[in-house]
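Participant: 3D model of this:
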Amino acid sequence: MNRMIKRSLGMTGVMAILGAVACASAGLPRRPVAVDSPVAESHVRAVMSALADDSMEGRMTASRGSAKAAAFIAGQMRSIGLVPQGDSGYFQRVPIAVTRRANGQQRLTLAASFAALDTFPADHRKLGVNVVGMIRGSDPALSQEVVLVDAHYDHLGIGKAVDGDSIYNGADDDASGTTAVVEIARSIAAGPAPRRTILFVATTGEEVGLLGTRWFIQHPPVALKAVVSNLEIEMIGRPDSLSGGVGRAWLTGYDRSTMGPMFAAAGLPIGPDKRPDQHFFERSDNIAYAEMGIPAHTMSSYNMHTDYHKPSDELSRVDFHHMTRVIQAGVKAVRILADGPVPHWNPGGQPAPR
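Facilitator: As a prediction, this is how the structure comes out:
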């Protein structure tokens with residue numbers, strides 16, 4: 001979830017890593033899965049273990065570790081058979097500049113364009129990437145409508161050491177959500193084609209101001225007016241007792257639209273957010289789409305654990321049984337969005353643009 005921080009790597013280094021790692025065998029072998037088969041915990045473990053590994057260096061936006069993570073995710077999308085939707089295969093390049101706040105502290109900002117990025121000093125030009133893949137819809141009419149399924153793969157990088165650990169792996173935040181996007185895509189791609197088109201996106205820069213999502217909205221691979229719903233997935237690595245414990249999740253802004261009740265009517269273990277005072281609905285990438293009028297919510301099971309934004313948000317603390325069950329619920333939720341009625345805002349539910 002979003003919090004402003006600082007750290008970056010030069011554009012040349014990032015592009016070199018993207019090229020080298022993307023060409024390697026980054027993906028898991030694709031295995032045919034029956035449409036009603038559960039999500040394989042072995043795949044969840046493999047993807048999650050790679051994304052939250054120390055070798056990814058905390059996946060800070062526009063860093064070497066972020067580039068490695070993006071290449072790994074692209075390899076997964078390729079192995080699943082998703083259609084690339086970036087400007088460079090699965091990669092959608094995002095121009096990022098290093099600027100300074102009034103107090104002199106560096107920060108990462110979204111450049112207006114790549115031409116605008118060229119006006120910054122060379123050592124202030126950075127490159128991030130979103131990773132984008134698609135499953136085309138099968139219905140002659142409904143395939144023109146798009147369901148957006150996304151998570152942010154960036155985290156806080158390498159920072160102040162705590163108990164000797166300086167790598168902020170972000171296992172729960174949000175390697176867990178990114179893993180869910182990959183595994184939902186894997187499950188749906190192995191079954192009957194959905195009626196609507198589904199766009200799977202792993203975004204960069206959420207932690208530093210939704211940079212990847214803002215660029216995606218400015219340069220969408222599909223017409224944004226075609227996007228009929230958005231399911232964001234964030235922090236599902238641990239069960240939340242308030243939502244019912246293992247295997248259950250909650251939806252931010254549940255009462256704002258008909259999406260949550262649609263899931264409830266289908267018997268999915270996804271209920272209301274029990275902590276509305278935390279304003280989780282406004283704290284992730286979904287809010288940018290919601291303000292545009294798209295019914296957009298985040299599925300989570302964040303239990304307010306004390307490892308949030310600390311190096312202790314490690315793989316060893318993930319409950320894979322719980323996470324696998326939540327991802328299976330996510331598969332069913334995305335199927336509902338892709339094959340069923342379009343959700344709509346309840347009166348007063350759509351947030352006003354900020």
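
Participant: could you dump stretch 103-112 to PDB, C-alpha only?
Facilitator: C-alpha atoms of stretch 103-112 as PDB (Å, rounded to 0.1, in the frame of the first residue of the first chain):
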ATOM      1  CA  ASN A 103      13.300  20.200   2.000                       C
ATOM      2  CA  GLY A 104      15.900  18.900  -0.500                       C
ATOM      3  CA  GLN A 105      14.800  15.200  -0.200                       C
ATOM      4  CA  GLN A 106      14.800  13.300  -3.400                       C
ATOM      5  CA  ARG A 107      11.700  11.700  -4.800                       C
ATOM      6  CA  LEU A 108      10.500   9.900  -7.900                       C
ATOM      7  CA  THR A 109       8.000  11.600 -10.100                       C
ATOM      8  CA  LEU A 110       6.200  10.700 -13.300                       C
ATOM      9  CA  ALA A 111       7.500  12.600 -16.300                       C
ATOM     10  CA  ALA A 112       4.900  14.000 -18.600                       C
END
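
Participant: For that stretch, give the mean pLDDT please.
Facilitator: Mean pLDDT, stretch 103-112: 93.

Participant: next one: it to chain centre, how far?
Facilitator: With CA atoms, centre = their mean, to the nearest Å as the basis, stretch 103-112 stands 23 Å off its chain's centre.

Participant: Show me which positions of that stretch end up buried.
Facilitator: 108-111 (16 or more other CB atoms under 10 Å). All C-beta atoms are positioned from the backbone trio N, CA, C, and that covers glycine.

Participant: Quickly name whichever of those is closest to Lys310.
Facilitator: When these are compared for distance to Lys310 (CB to CB), Leu108 wins out at 20.7 Å.

Participant: looking at this, that closest one is in a strand?
Facilitator: Yes. Using DSSP: H, G, I helix; E, B strand; the rest coil, the assignment for Leu108 is a strand.

Participant: In the beta-sheet assignment, what are the partners of it?
Facilitator: Here Leu108 sits in beta bridges with Val98, as judged by DSSP bridges.

Participant: what do you get for Met60?
Facilitator: His155.

Participant: Do I have it right that it meets Ser66?
Facilitator: Yes. The pair Met60 / Ser66 is scored as a contact, 5.9 Å apart, by CB atoms under 8 Å.

Participant: tell me, what's touching the two both at once?
Facilitator: Jointly contacting Met60 and Ser66 under the rule CB atoms under 8 Å, 6 or more residues apart in numbering are Asp154.

Participant: Quick check: the gap between Ser42 and Val147.
Facilitator: 27 Å (CB to CB, to the nearest Å).

Participant: Compare those two (neighbour count), which wins?
Facilitator: Val147 (25 against 12; other CB atoms under 10 Å).

Participant: State the helix or strand in which that one lies.
Facilitator: strand 146-152 (DSSP states H and E).

Participant: after that strand, next one along is what?
Facilitator: strand 157-162.

Participant: and the residue nearest to Pro272 when sequence neighbours are not counted, how many neighbours?
Facilitator: Sequence neighbours aside, Tyr254 is the residue nearest to Pro272 in space, at 3.8 Å (criterion: CB to CB, 6 or more residues apart in numbering). Residues lying near Tyr254 (other CB under 10 Å) number 21.

Participant: got the contact list for Tyr254?
Facilitator: Tyr254 makes contact with 260, 271-273, 297, according to CB under 8 Å, 6+ apart.

Participant: residue nearest the centroid of this protein?
Facilitator: Ala151 (1.0 Å; CA atoms, centre = their mean).

Participant: Please point out which parts of the longest helix along the chain sit buried.
Facilitator: Criterion DSSP state H: the longest helix present in the chain is helix 320-339. If you call a residue buried by 16+ other CB under 10 Å, then helix 320-339 has these buried ones: 320, 322-339.

Participant: Tell me where this structure has helices.
Facilitator: According to DSSP H, the helices that the chain contains are 11-23, 41-51, 64-80, 114-117, 176-189, 211-218, 259-265, 286-290, 320-339.

Participant: between these, which gets nearest to Leu231?
Facilitator: helix 320-339 (6.2 Å).

Participant: For that closest one, which helices and strands make contact with it?
Facilitator: Packing partners of helix 320-339 (3 or more CB pairs under 8 Å, 6 or more residues apart in numbering; DSSP states H and E): helix 41-51, strand 146-152, helix 176-189, strand 227-233, strand 249-251, helix 259-265, strand 296-300.

Participant: want to throw those into JSON lines with mean pLDDT?
Facilitator: As requested, the helices and strands packed on helix 320-339 are exported to JSON lines (pLDDT from 0 to 100):
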{"stretch": "helix 41-51", "mean pLDDT": "97"}
{"stretch": "strand 146-152", "mean pLDDT": "98"}
{"stretch": "helix 176-189", "mean pLDDT": "97"}
{"stretch": "strand 227-233", "mean pLDDT": "98"}
{"stretch": "strand 249-251", "mean pLDDT": "98"}
{"stretch": "helix 259-265", "mean pLDDT": "97"}
{"stretch": "strand 296-300", "mean pLDDT": "98"}
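
Participant: Among the ones you listed, show me which one is buried the most.
Facilitator: Highest mean neighbour count among these (mean count of other CB atoms under 10 Å): strand 296-300, with a mean of 30.

Participant: Contacts for it next, please.
Facilitator: Around strand 296-300, the neighbours that count as contacts under CB under 8 Å, 6+ apart are 148, 177, 229-236, 249-254, 256-257, 259-260, 270, 273, 280-281, 284, 286-287, 289-290, 326, 330, 333.
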